[in-house]
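J.: Quick one: sequence and predicted model below, then my questions.
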Amino acid sequence: MSAPVVVVGGGVVGLCTAYYLAAEGLAVEVVERRALGSGASRGNAGWVCLSHSTPVPAPGVVRYALRSLGRPDSPLYLRPLPDPAFVRWLWRFWRSSAPAAFRRGYMAIAELNRTTFDLFDGLREAGVETTLTRPGMVHAFLSAAEARHHLAVQRQMADGRYPMPDDVVTGDEARLLDPALSPEVRAAYLVEGEGVVDPEAFAHGLGEALAAAGVKVHENVEALGFRTSGDRVTALRTEQGEIPCEAVVITSGIRSSDLLSALGRPLPLQAGKGYSFSVDLDTPPRHTLYFGERRAVASPIGATTRIGGTMELSGNNNRLDWRRVVAVALASRHYLGRWFDDPDDLIGLIRDPWVGGRPFLPDGLPVIDRVPGYGNAFAATGHGMLGVTLGPVTGRMLTDYVRTGRRPEVLDPFRFGRPGW
């Protein structure tokens, strides 16, 4: 029996990759340092969307970040570190926020995203419990001018790839788009067909499908490095011994850089920390909600509402800053009404407060490529906030690459060593 393809990382991207590899008849094993789906995949808003699949470095974002210095309640919080690598990353991030670079990045993600919903349909038809529903996304604003500006930008970027409304709904009618919206919302618009999953349940469904396909899953096993021979990886070294492999795919989120360093190819990854929590609202939303001015979100997931937001650049750590949780809750109150009276009430109202380090490269695009110098080592990381949306298409395209040795054309913008690093 030949050695398996070993996928290192049990988040949505890694699980989707393992699923498609196994579906092609390859022997596959998954190695995850904790439980499947327990990392950045677990606490996100669960969006599967086209209209918000944009790179984070966008025109004006650096100026916005600089205004956040010293303000931990800001939606985008930058806490400078005395680390030359962090400074270099910020400089490259700034370079990538130029209009031309942003548009190239957006076009690359939009092209990769074309088959996203078809792939989710295929997973469901194959028996995977994706939990996907497509209620659409309401973009809510406190200002009609801000809503119209945001819609105009989105319409231009969509370029006919997905339906966008012609105009915004204003005044008292705006909050009629979703019963959860408060009277403070003065303008809104609906992007139909956008989806949401329960990310933890989706990861669980993928895990069950892998088990049914005979994929061996190693949970609570730390990957330490590799054994190599010439230009090939022959085994993954773990704290519990070596796992021989025919090929290896590194999908370990922010920790991917450490593993790639062992192959001489570190990545300039930084953690974009996000916060979320669950709450039972008297009037839960029917759609996914985007709160325009405050850059926070709400999603109907099961019987609860998950509220999330913020982008915190403060180094590669998972320290939970309660002030950031409070900031997200306060931001949501403008759009959802006064669902709590005092921040001290939050301790008893919210469940599952979560902080996660979403992996970002300075140009905001993931790496989905073969590791330079190795014929059988691949990496898929740096998906930022798009791991759930891009998980299936990343897994599908990477499987084709592993099988044939030829990079699919759609993956060219996501190669190693591209300009912008």
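T.: Sure, I can see it.

J.: quick one, strands of the stretch 301-421 of the chain?
T.: Assigned strands in the stretch 301-421 of the chain, in chain order: 304-313, 351-360, 367-370, 377-381 (criterion: DSSP state E, counting those that start in this stretch).

J.: Tell me the helices and strands packed up against the first one.
T.: Applying 3 or more Cβ pairs under 8 Å, 6 or more residues apart in numbering; DSSP states H and E, we find strand 304-313 packed against strand 76-78, strand 270-279, strand 296-301, helix 322-336. Using the backbone N, CA and C atoms, a C-beta is placed for each residue, glycine as well.

J.: same check, this time on the last one
T.: Helices and strands touching strand 377-381, as assessed by 3+ Cβ pairs under 8 Å, 6+ apart, comprise helix 12-23, strand 247-250, helix 256-261, strand 367-370, helix 387-404.

J.: for the ones you listed, which one sits closest to residue 47?
T.: When the helices and strands packed on strand 377-381 are ranked by proximity to residue 47, the top entry is helix 387-404, at 6.4 Å, counting by Cβ to Cβ.

J.: Below-threshold pLDDT in this structure: ranges please.
T.: 1, 68-70 (pLDDT under 70).

J.: so residue 326 touches residue 342, yeah?
T.: No. Residue 326 lies out of contact with residue 342 (Cβ atoms under 8 Å); the separation is 10.3 Å.

J.: quick one, which of those two is more surrounded?
T.: For the pair residue 326 and residue 342, the greater number of neighbours falls to residue 326 (16 against 6), based on other Cβ atoms under 10 Å.

J.: Tell me which residues touch the nearest residue to that one once chain neighbours are set aside, please.
T.: Ranked by Cβ to Cβ, 6 or more residues apart in numbering and with sequence neighbours excluded, the top spatial neighbour of residue 326 is residue 343, at 4.8 Å. Residues in contact with residue 343 (Cβ atoms under 8 Å, 6 or more residues apart in numbering) are 326, 329, 330.

J.: Which of the strands of the stretch 301-421 of the chain sits closest to residue 415?
T.: It is, among the strands of the stretch 301-421 of the chain and with distance given as Cβ to Cβ, strand 367-370, at 4.6 Å.

J.: Can you get me the centre-to-centre distance for the closest one and its chain?
T.: The chain centre lies 16 Å from the centre of strand 367-370; the measure is Cα atoms, centre = their mean, to the nearest Å.

J.: So for stretch 308-317, what gets flagged as buried?
T.: 308, 309, 310, 311, 312, 313, 314, 315, 316 (16 or more other Cβ atoms under 10 Å).

J.: end to end, how far does it reach?
T.: The first and last residues of stretch 308-317 sit 18 Å apart, counting by Cα to Cα, to the nearest Å.

J.: ditto for stretch 236-247
T.: 10 Å.

J.: Now do it: everything it contacts.
T.: 2-6, 8, 27, 29, 31, 218, 221-227, 233-235, 248, 376-378, 402.

J.: Buried only: go through these for me.
T.: Buried by 16+ other Cβ under 10 Å: 4-6, 8, 27, 29, 31, 218, 221, 223, 225-226, 233-235, 248, 376-378, 402, out of those.

J.: what about stretch 258-267, distance to the chain center?
T.: That offset, for stretch 258-267, works out to 22 Å (Cα atoms, centre = their mean).

J.: right, and the helix or strand after the strand or helix carrying residue 235?
T.: Assigned by DSSP states H and E, residue 235 belongs to strand 232-238. The first helix or strand that comes after strand 232-238 along the chain, using DSSP H and E, is strand 241-244.

J.: who does that next one pair up with?
T.: strand 232-238 (antiparallel) (DSSP bridges).

J.: and the angle for the partner strand with strand 377-381?
T.: Going by axes from the mean of the first three to the mean of the last three Cα atoms, to 10 degrees, strand 232-238 is angled at 60 degrees with respect to strand 377-381.
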